[in-house]
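Novice: Would you be able to build a 3D model of this:
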Amino acid sequence: MTERQRLRAVIRGAVQGVGFRPYVYRLATQMSLPGWVKNSPQGVFLEIEGTPDLLETFLLRLEDERPPRASIQSLEYSLLPLAGFTEFEIRASDTAGARSAVVLPDIATCADCLRELFDPNDRRYGYPFTNCTNCGPRFSIIRALPYDRPQTTMAGFMMCPDCRAEYENPADRRFHAQPNACPACGPHVAFWSQDGTVATQRQDAIRQAVDAIRNGKIVAVKGLGGFHLIVNAGDEAAVLRLRERKHREEKPLALMAPSLSWVEQHVELSPLESRLLRSPEAPIALLRRKQGNGAGLAPSVAPGNPYLGIMLPYTPLHHILLQELEIPVVATSGNLSDEPICTDETDALQRLQNVADRFLVHNRPIARHVDDSVARIVLGREMILRRARGYAPFPVHLDNELPCMLGVGAHLKNTVAISAGHDVFLSQHIGDLETPEALSAFRRVTADLTSLYELKPETVACDLHPDYVSTRYADTSGLPVARIQHHYAHAAACMAENEITGPALGVSWDGTGYGMDRTVWGGEFLRITGDGFERVAHLRTFRLPGGERAVTEPRRSALGVLYEILGPEVFHRTDLAPVKAFPEAERRILAQALAAGLNSPLTSSAGRLFDAVAGLIGLRLVCRFEGQAAMELEWSLDEREKDSYPFRIVEAGPLVLDWEPLVRAVLSDLALLLPPARISARFHNALADMIVAIARKIGEPVVVLSGGCFQNRYLTEHAVQRLGAAGFAPAWHQRVPPNDGGIALGQIVAACRLKELDPCA
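Specialist: Okay, here's the model as predicted:
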């Protein structure tokens with residue numbers, strides 16, 4: 001007989017909150033291998049005893065047959081003398097040691113729980129907090145590692161005998177499901193009036209919420225990671241009232257659809273987009289409306305937008321509401337513009353009292369805010385545009401081990417990140433750091449991310465811009481500071497996500513970033529090497545009259561571009577939309593400012609070039625939300641148009657991509673009354689050609705595309721396709737946003753390349 005051995009293994013990855021220990025228990029008992037398994041802050045530990053061939057089979061099956069939401073990043077094992085185990089058991093979790101286990105994101109309701117939810121014979125029929133090891137809250141309820149019920153916001157709910165029996169039964173799918181509960185022992189909902197008076201509770205609360213929504217009321221609903229503001233998406237008056245109260249003029253509002261069949265009827269849905277909607281992450285998916293199909297939606301849901309942001313119900317509470325309503329609803333974040341989402345009902349009552357007419361709340365505390373994620377399909381893959389519920393805080397795993405470092409992100413679309421070993425944990429979306437409430441949320445998330453893993457950063461990586469709130473936070477942290485140029489961080493994030501170590505050509509295109517020369521960068525080509533970057537090319541610069549005002553007024557970007565090539569003569573060209581848009585008195589002031597260079601900073605921004613073209617063709621002269629002009633330019637283009645505009649490359653220090661021939665061609669096409677759809681397509685095609693032309697000049701085989709401009713599906717797809725056809729290896733974002741939501745990751749990766757850090761302030 002072959003001598004038996006004891007195997008000890010440490011498994012790291014997404015192995016807590018996914019039913020991994022029950023799976024190990026079932027596998028070991030099935031194979032008659034005695035031993036034990038337990039959670040620890042580092043992952044899952046186990047020991048088993050058996051013959052070498054059985055131990056090998058066990059290890060192979062452990063990986064191949066793991067639970068669907070589990071992910072094994074490393075499995076380290078050793079062989080030891082026998083300990084004499086007689087049975088297999090799940091032991092109590094360890095709480096000591098460094099925190100390195102992966103916290104799982106919140107997971108949409110699984111099919112099994114959904115069947116129970118709508119089965120009148122099931123004890124969880126209509127229970128809005130139904131979950132199991134395969135679904136339900138994780139990141140939004142965990143307070144500390146390891147992931148056990150006492151360490152979550154479910155600690156205050158004692159399981160009833162039936163739930164306890166499920167929890168302790170290895171054959172049950174709720175075996176060690178930490179949020180396990182039922183109507184007898186778990187959280188419940190309540191319906192409040194506008195002043196916080198409790199009108200009713202439990203099932204009747206849901207019925208009253210449904211009636212209120214049907215009758216045009218705005219209902220603030222406490223969900224998984226915070227509040228939604230919900231209204232009937234077909235009620236124009238209700239949607240307009242929501243926009244007015246929320247201070248959100250034209251930015252599209254997210255929809256929650258009653259069913260997949262409703263989505264299929266009203267948008268162009270590919271198989272990949274259908275899979276994205278139905279995925280465990282269940283993000284808001286950007287989907288193109290079917291032509292001529294108003295879908296019975298209020299025009300103000302997404303004015304002038306050919307796309308809709310749609311999600312399906314992802315919690316039992318949402319499933320119940322939408323099944324009762326049988327109509328799509330607006331489900332937008334429960335906040336005022338530029339503020340973080342509300343998570344606590346008392347806070348919501350105070351902050352949303354002048355927004356919501358009613359409140360549907362519950363008594364399960366939310367440990368941290370988690371917004372809905374936003375994604376779209378680009379080149380047959382998911383591209384995350386806002387990374388939160390379903391994705392955060394799942395880490396980006398790197399080949400190289402990193403020192404413990406905190407990345408505090410950018411000013412807009414802020415996230416923070418922290419490195420631990422080979423992993424960089426990227427926080428959920430925080431948002432624009434424009435208000436005191438947003439700054440408080442930034443500080444909370446930063447403290448939360450470090451405390452959850454009990455990490456002590458050695459360095460803080462921040463943006464080069466001295467006035468960013470996040471940069472000032474780094475300067476007062478008391479730690480060494482690594483100041484990372486914005487567009488270098490963009491490229492580094494894309495490289496990290498795609499496991500590219502370099503060298504590479506980074507194409508970083510966005511609206512604004514503080515340059516090394518203290519001008520506004522944004523149309524950058526960076527050669528990335530092992531110890532830093534070199535700016536090898538950029539778009540030709542032009543002035544932005546009015547400075548920051550140009551960000552929301554494309555007419556100013558257009559005026560700056562025209563002034564660059566026409567000089568003072570431009571102010572006499574009142575036949576041009578951006579010139580005509582200014583009163584004569586203001587044109588005189590702008591002429592003086594541009595001539596003197598007053599409040600007219602230089603920029604190489606690709607984002608502002610998008611704005612300029614949108615302004616030139618009169619498509620959008622003043623924006624109501626960030627990026628509106630560039631988005632409308634993309635929406636308007638005719639994909640059948642194959643021509644592109646000319647440009648030239650100036651052989652300077654860094655190469656300069658001169659867009660003057662492009663702008664002059666746009667002016668010629670305007671004079672010929674060419675439709676804006678064809679002008680937009682030619683402009684987009686020219687941008688893709690520019691990227692390939694510079695790539696050929698620089699000669700790096702690998703080209704990475706990052707920055708907010710690459711949220712543009714058409715631009716990204718055409719740049720990737722043309723780079724590939726020219727023999728380059730293009731890489732782009734998928735699981736990390738191309739916009740500033742990925743900056744914190746890039747800051748950490750880039751900072752690790754620096755040989756010297758700035759002293760702390």
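Novice: For L559, see how far away R608 is.
Specialist: 11 Å (Cβ to Cβ, to the nearest Å). (Glycine included, C-beta is placed from N, CA and C.)
Novice: what mean pLDDT does stretch 31-47 have?
Specialist: Averaging pLDDT along stretch 31-47 yields 87.
Novice: Put the alpha carbons of it into PDB.
Specialist: Taking C-alpha atoms only, stretch 31-47 is exported to PDB below (Å, rounded to 0.1, in the frame of the first residue of the first chain):
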ATOM      1  CA  MET A  31     -13.000  11.300  -2.000                       C
ATOM      2  CA  SER A  32     -12.900  10.100   1.700                       C
ATOM      3  CA  LEU A  33     -10.000  12.400   2.500                       C
ATOM      4  CA  PRO A  34     -10.000  13.500   6.200                       C
ATOM      5  CA  GLY A  35      -8.700  16.900   7.200                       C
ATOM      6  CA  TRP A  36     -10.000  20.500   7.600                       C
ATOM      7  CA  VAL A  37     -10.500  23.800   5.800                       C
ATOM      8  CA  LYS A  38     -10.900  27.300   7.200                       C
ATOM      9  CA  ASN A  39     -10.900  31.000   6.200                       C
ATOM     10  CA  SER A  40      -8.100  33.300   7.100                       C
ATOM     11  CA  PRO A  41      -7.400  36.900   6.300                       C
ATOM     12  CA  GLN A  42      -4.900  35.600   3.700                       C
ATOM     13  CA  GLY A  43      -7.300  33.200   1.900                       C
ATOM     14  CA  VAL A  44      -8.400  29.600   2.500                       C
ATOM     15  CA  PHE A  45      -6.200  27.200   4.400                       C
ATOM     16  CA  LEU A  46      -6.700  23.400   4.300                       C
ATOM     17  CA  GLU A  47      -5.100  20.200   5.300                       C
END
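Novice: in it, what counts as buried?
Specialist: Of the residues in stretch 31-47, 33-47 count as buried by neighbour count, 16 or more other Cβ atoms under 10 Å.
Novice: and which of those is nearest A593?
Specialist: P41 (58.1 Å; Cβ to Cβ).
Novice: neighbour-wise, which of R608 and L559 wins?
Specialist: Ranked by neighbour count (other Cβ atoms under 10 Å), R608 and L559 place L559 first, with 32 against 28.
Novice: isn't the more buried one right up against L566?
Specialist: No - between L559 and L566 there is no contact under Cβ atoms under 8 Å: 10.2 Å.
Novice: thinking again about what came up before, which of the buried residues of stretch 31-47 fall within strands?
Specialist: Among the buried residues of stretch 31-47, the members falling in strands are 35-40, 43-47 (criterion: DSSP state E).
Novice: wait, which of the residues you listed is closest to G13?
Specialist: For these, the nearest to G13 is G43 (7.0 Å; Cβ to Cβ).
Novice: For beta bridges, what are the partners of that closest one?
Specialist: Under DSSP bridges, the beta-bridge partners of G43 are S40.
Novice: my read: it touches A14, true?
Specialist: No - in this structure, G43 is not within contact of A14 by Cβ under 8 Å, at 9.7 Å.
Novice: Given the lowest-mean-pLDDT helix or strand in the chain, what are its sheet partners and their directions?
Specialist: The helix or strand of the chain with the poorest confidence is strand 71-80; it has a mean of 75 (mean pLDDT, DSSP states H and E). Within its sheet, and counting by DSSP bridges, strand 71-80 is paired with strand 5-14 (antiparallel).
Novice: what does the partner strand rub up against?
Specialist: Contacts to strand 5-14, defined as Cβ atoms under 8 Å, 6 or more residues apart in numbering, come from residues 20, 35, 42-52, 55, 58-59, 62, 69-83, 85, 100-102, 104, 394.
Novice: May I see the ChimeraX selection of the buried members of those residues?
Specialist: Under the burial definition 16+ other Cβ under 10 Å, those of the contacts of strand 5-14 that qualify are selected in ChimeraX by:
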select :20,35,42,43,44,45,46,47,48,49,50,55,58,62,69,70,71,72,73,75,77,85,100,101,102,104,394
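Novice: Return the residues in contact with L723.
Specialist: Applying Cβ under 8 Å, 6+ apart, the residues contacting L723 are 691-692, 695, 703, 729-730.
Novice: For it, give me phi and psi.
Specialist: Dihedral angles of L723 (phi, psi; degrees, to the nearest 10) stand at phi -60, psi -40.
Novice: where does the residue nearest to it when sequence neighbours are not counted land on pLDDT?
Specialist: Distances taken as Cβ to Cβ, 6 or more residues apart in numbering place P730 nearest to L723, at 4.1 Å, with adjacent residues excluded. On the pLDDT scale, P730 is placed at 96.
Novice: Can you pull the domain assignment for the chain?
Specialist: 5-90, 103-186, 189-362, 390-498+736-761, 537-731 (automatic domain parsing).
Novice: right, and these - which one's nearest V378?
Specialist: Here domain 537-731 is closest among the domains of the chain (Cβ to Cβ), at 5.2 Å.
Novice: end to end, how far does the closest one reach?
Specialist: End-to-end distance of domain 537-731 (Cα to Cα, to the nearest Å): 19 Å.
Novice: so where's the stretch 101-250 of the chain shaky on pLDDT?
Specialist: For the stretch 101-250 of the chain, the stretches with pLDDT under 70 are 101-102.
Novice: what ranges do the helices span in it?
Specialist: Assigned by DSSP state H, counting those that start in this stretch, the helices in the stretch 101-250 of the chain fall at 111-117, 161-168, 202-214, 236-246.
Novice: do you know which of those lies nearest E273?
Specialist: Closest among these, once you apply Cβ to Cβ, is helix 111-117, at 19.7 Å.
Novice: What are the buried residues along that closest one?
Specialist: In helix 111-117, counting by 16+ other Cβ under 10 Å, buried: 113-114, 116-117.
Novice: Most widely separated two among those residues?
Specialist: Distance extremes for the buried residues of helix 111-117: the farthest pair is L114 and E116 at 7.3 Å, using Cβ to Cβ.
Novice: related to what we said a few turns ago, name the helix or strand for the residue nearest to L723, please.
Specialist: P730 belongs to strand 729-731 when assigned by DSSP states H and E.
Novice: by contact count, what packs against that strand?
Specialist: strand 702-706, helix 713-725 (3 or more Cβ pairs under 8 Å, 6 or more residues apart in numbering; DSSP states H and E).
Novice: Can you give the strand pairings for that strand, parallel or anti for each?
Specialist: Counting by DSSP bridges, the strands paired with strand 729-731 are strand 702-706 (parallel).
Novice: now could you export just the CA positions of the strand it pairs with as PDB?
Specialist: The C-alpha trace of strand 702-706 is given here as PDB (Å, rounded to 0.1, in the frame of the first residue of the first chain):
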ATOM      1  CA  VAL A 702       3.000  47.500 -28.800                       C
ATOM      2  CA  VAL A 703       0.500  50.400 -28.700                       C
ATOM      3  CA  VAL A 704      -1.800  51.000 -25.700                       C
ATOM      4  CA  LEU A 705      -4.900  53.200 -25.900                       C
ATOM      5  CA  SER A 706      -6.100  55.000 -22.800                       C
END
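Novice: so F394 sits in a strand?
Specialist: No - F394 is assigned coil when assessed by DSSP: H, G, I helix; E, B strand; the rest coil, not a strand.
Novice: Give me the pLDDT value at it.
Specialist: Per-residue pLDDT puts F394 at 84.
Novice: and the gap between the residue lying closest to it once chain neighbours are set aside and P313?
Specialist: Nearest residue to F394, sequence neighbours excluded (Cβ to Cβ, 6+ apart): P105, at 5.7 Å. Using Cβ to Cβ, P105 is found at 17 Å from P313.
Novice: So for those two, which sits in the more crowded spot?
Specialist: Neighbours were counted for P105 and for P313 using other Cβ under 10 Å; P105 has more, 26 against 22.
Novice: Phi and psi next, for the more buried one.
Specialist: phi -70, psi 170.
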